[in-house]
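J.: got a sequence here, can you build the structure:
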Amino acid sequence: MNENRSRMRFGSTAIATPANYVTIARVLFTVPTLYLIVRDGATWLNFLLWFGLSASDGVDGWMARRSGTTRSGAFLDPMADKFLTIGGFIALYWRHDIWWLPVALITAREVFVSVYRSLASKRGISLPARQLGKWKAFIQMIAVGVYLLPPFENLTMLKLATLWVAVAITIVSAADIVIRGWRENAQGV
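T.: Now for the predicted structure:
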């Protein structure tokens with residue numbers, strides 16, 4: 001019987017799934033982590049909390065693939081990623097650790113892509129996340145993590161390089177989504 005439970009598949013409309021519970025826990029643990037980042041900056045505790053929250057993104061995805069992906073998970077997981085990454089960048093900005101421009105570019109991209117996908121969806125065009133978008137989220141999480149790692153505290157050029165790589169891939173991934181939307185629209189989907 002336990003073997004059957006571990007193979008339980010959830011339908012696309014399910015909400016109460018193990019993957020969604022992990023995603024919701026990520027959001028809940030993000031709030032105190034961001035508070036600690038604003039308060040303390042680069043500490044081992046903050047780095048480990050950030051690392052755990054970032055790594056749990058893969059855990060909820062793995063659980064969803066194993067037990068069935070859902071529409072609620074497809075909505076919640078990217079929102080949790082955005083909350084975590086944008087929150088991390090804003091916390092670093094709030095501490096005056098990073099400049100406002102990269103935070104504004106990343107935040108504007110996330111808002112733009114969310115609105116663009118929503119408008120495309122109303123026209124029957126689906127623009128799901130692709131590998132480039134997953135890399136974008138990963139590199140954004142790495143960029144914040146580099147700022148939180150105590151041994152890197154005085155490595156300004158490394159931190160800036162990582163930050164601007166994250167900004168660049170963020171913009172490239174937005175362009176990829178827009179181009180895909182145009183192509184889908186041109187094909188009359």
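J.: any idea how far the host helix or strand of Lys134 is from the chain center?
T.: For Lys134, the enclosing helix or strand under DSSP states H and E is helix 131-148. Relative to its parent chain, helix 131-148 has a centroid offset of 8 Å by Cα atoms, centre = their mean, to the nearest Å.
J.: output the contacting helices and strands for that helix.
T.: helix 44-67, helix 71-94, helix 156-186 (3 or more Cβ pairs under 8 Å, 6 or more residues apart in numbering; DSSP states H and E). The C-beta positions use only the backbone N, C-alpha and C, and glycine is treated the same way.
J.: nearest the geometric middle of this structure, what residue?
T.: For the chain, the residue nearest the mean C-alpha position is Asp81 (2.5 Å; Cα atoms, centre = their mean).
J.: and the closest residue to Leu84 other than its chain neighbours, what does it touch?
T.: Spatial nearest neighbour of Leu84, excluding adjacent residues (Cβ to Cβ, 6 or more residues apart in numbering): Thr30 at 5.1 Å. Contact analysis of Thr30 by Cβ atoms under 8 Å, 6 or more residues apart in numbering lists Leu53, Ala80, Phe83, Leu84, Gly87.
J.: tell me which of those is nearest to Gln187?
T.: Ala80 (32.0 Å; Cβ to Cβ).
J.: is it true that the closest one touches Phe29?
T.: No: Ala80 is not in contact with Phe29 according to Cβ atoms under 8 Å; the separation is 10.2 Å.
J.: and those two? which has more neighbours close in?
T.: Ala80 (23 against 15; other Cβ atoms under 10 Å).
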